[in-house]
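*Asks:* What follows is a predicted structure for the sequence shown.
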Amino acid sequence: MADSAETSPEMMLQFYRMLYPFKSIFTWLNQEHTPKDLFTNREFAFTLQGDVYLRYNCFSNADELKKQVCALNPTRFEIGPMYSSRPSERKLARSVKSGKLFTPLKRELVFDIDMTDYDGVRTCCTSAGICKRCWAFIANAVRVLDSALRTQFGYHQLLWVYSGRRGIHLWVSDDEAMGLTDELRRAVVGALTVIEGGKEMAKKVNVRSMSTKSHPGELPPSLWHARDEGSRMWYPLLDDQECFLSEDGWRTLLKLVPDKKIVETLEKRWEKQPGIESSKKWEELKAEVKGTGARNLAALEDIILQYTYPRLDAEVSKHRNHLLKAPFCVHPKTGRVCVPVDPNRVDNFDPDAVPTVMQLLQELDKAGEGANWEHTSLKQYVDMLDRHVVGILDDVRRRERARAVLQNGAWVLLYFRGIKVYWHFRSWKI
């Protein structure tokens with residue numbers, strides 16, 4: 001963990017003045033180069049020294065945002081939704097005389113995955129701790145959730161951002177996602193939630209439909225990819241984490257097996273041989289399950305899902321007005337920057353290798369006068385955001401062209417039985 005000096009006010013002010021990519025953040029949020037409501041009516045919240053919290057700030061452009069951030073020098077700042085009017089004028093908007101409402105209209109669909117939610121299954125770290133070994137849980141969550149959102153919901157503007165300490169955030173900027181109501185956001189989260197129940201509940205995966213005593217029901221097709229990804233990482237996970245080596249670990253496993261006879265058999269065996277490795281215990285469980293019916297086989301799949309499926313903080317995703325830490329902020333406990341993560345290389349991501357404020361400022365000093373983030377190890381991450389923004393801007397231009405065609409009509413070349421036919425269509429409704 002970084003020394004607290006790395007996030008001293010002096011360090012943070014230098015970071016904001018010389019390194020923070022305000023222009024890239026502006027274009028990402030605004031989805032245009034020219035300021036519009038998507039940025040100017042956007043809420044920003046600042047956490048100052050001493051845990052002073054300032055909400056409902058808004059800005060006209062990137063320069064205004066930078067000026068205020070440098071003036072306040074917050075320990076971090078968060079991003080909220082685009083409102084129906086400027087957040088700074090909310091009291092006027094809420095007044096009876098104005099006849100207006102102050103409501104959130106658009107906001108990225110966001111997700112938060114925190115490593116502490118895996119404390120019941122990881123053994124290498126606990127609480128706020130995280131290492132390359134338990135990052136495997138986060139990596140699998142990224143693969144599963146990224147695929148589900150792309151294939152099942154059709155989203156493709158996904159930005160993954162390391163939280164700076166023990167988790168990862170996801171921002172979905174597709175136009176359809178931006179406009180989701182709270183009710184629809186709850187529906188999306190509900191469709192993606194598999195792990196449910198508190199510490200007192202042993203079995204946390206209950207997703208099979210039409211389940212009976214003799215037949216377990218089918219696993220929904222939407223979870224086949226998650227099951228396959230979990231199966232691929234299963235044995236490396238068992239060898240690395242040894243989830244079932246301790247008595248608490250293997251007893252938790254046996255609570256998930258529905259066949260009492262199998263449970264009693266393995267319980268007696270493992271009590272006499274407490275040192276059996278987790279992967280060997282799993283093989284012994286599979287051997288006992290073999291030939292005993294579909295219900296026990298399904299239980300094995302559900303166990304893999306329970307240990308590997310993404311554990312979502314659902315409340316973060318359900319409401320448009322939820323605030324989430326901005327990318328490229330600095331985590332005050334570690335000094336590490338909240339950098340974007342490439343989902344295609346998430347297995348290679350090392351939280352301990354993420355640059356710190358002190359490291360970046362040292363690189364800046366070494367680069368000489370006039371240097372900026374382009375001369376530091378932050379460049380690769382800002383470039384990643386900029387490439388993501390290019391895709392968003394391309395989507396915006398395509399929508400604008402389609403809207404223009406619908407408004408103004410267009411000549412379209414068609415082929416009918418080998419003959420060229422020019423047809424002009426026009427629609428007055430969009």
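*Replies:* It's in.

*Asks:* pLDDT averaged over stretch 133-153 - what is it?
*Replies:* The average pLDDT within stretch 133-153 is 96.

*Asks:* what's the offset of it from the middle of its chain?
*Replies:* 9 Å (Cα atoms, centre = their mean, to the nearest Å).

*Asks:* what do you get for stretch 79-93?
*Replies:* 25 Å.

*Asks:* buried ones in that stretch?
*Replies:* Ile79, Gly80, Pro81, Met82, Tyr83, Ser84, Ser85, Arg86, Pro87, Glu89, Arg90, Ala93 (16 or more other Cβ atoms under 10 Å). Just so you know, the C-beta spots here come from the backbone N, C-alpha and C atoms, and that holds for glycine as well.

*Asks:* will you turn the residues you listed into JSON lines that also has distance to Ala299?
*Replies:* Listed next are these as JSON lines, based on distance: Cβ to Cβ, whole Å:
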{"residue": "Ile79", "distance to Ala299": "42"}
{"residue": "Gly80", "distance to Ala299": "43"}
{"residue": "Pro81", "distance to Ala299": "42"}
{"residue": "Met82", "distance to Ala299": "46"}
{"residue": "Tyr83", "distance to Ala299": "48"}
{"residue": "Ser84", "distance to Ala299": "50"}
{"residue": "Ser85", "distance to Ala299": "54"}
{"residue": "Arg86", "distance to Ala299": "55"}
{"residue": "Pro87", "distance to Ala299": "50"}
{"residue": "Glu89", "distance to Ala299": "57"}
{"residue": "Arg90", "distance to Ala299": "52"}
{"residue": "Ala93", "distance to Ala299": "54"}
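
*Asks:* and the least confident of those residues?
*Replies:* Lowest pLDDT among the buried residues of stretch 79-93: Ala93, 66.

*Asks:* Show residues contacting stretch 170-186.
*Replies:* 28, 31, 105-113, 145-146, 149, 154-161, 188, 317-320, 324, 327, 392, 395-396, 399 (Cβ atoms under 8 Å, 6 or more residues apart in numbering).

*Asks:* gap between the two ends of stretch 143-157?
*Replies:* 15 Å (Cα to Cα, to the nearest Å).

*Asks:* related to what we said a few turns ago, of the contacts of stretch 170-186, which belong to strands?
*Replies:* Judged by DSSP state E, strands contain the following of the contacts of stretch 170-186: Leu105, Lys106, Leu109, Val110, Phe111, Asp112, Ile113, Leu158, Leu159, Trp160, Val161, Leu324.

*Asks:* For the last one, give me the pLDDT.
*Replies:* This means Leu324. Confidence score, pLDDT, at Leu324: 97.
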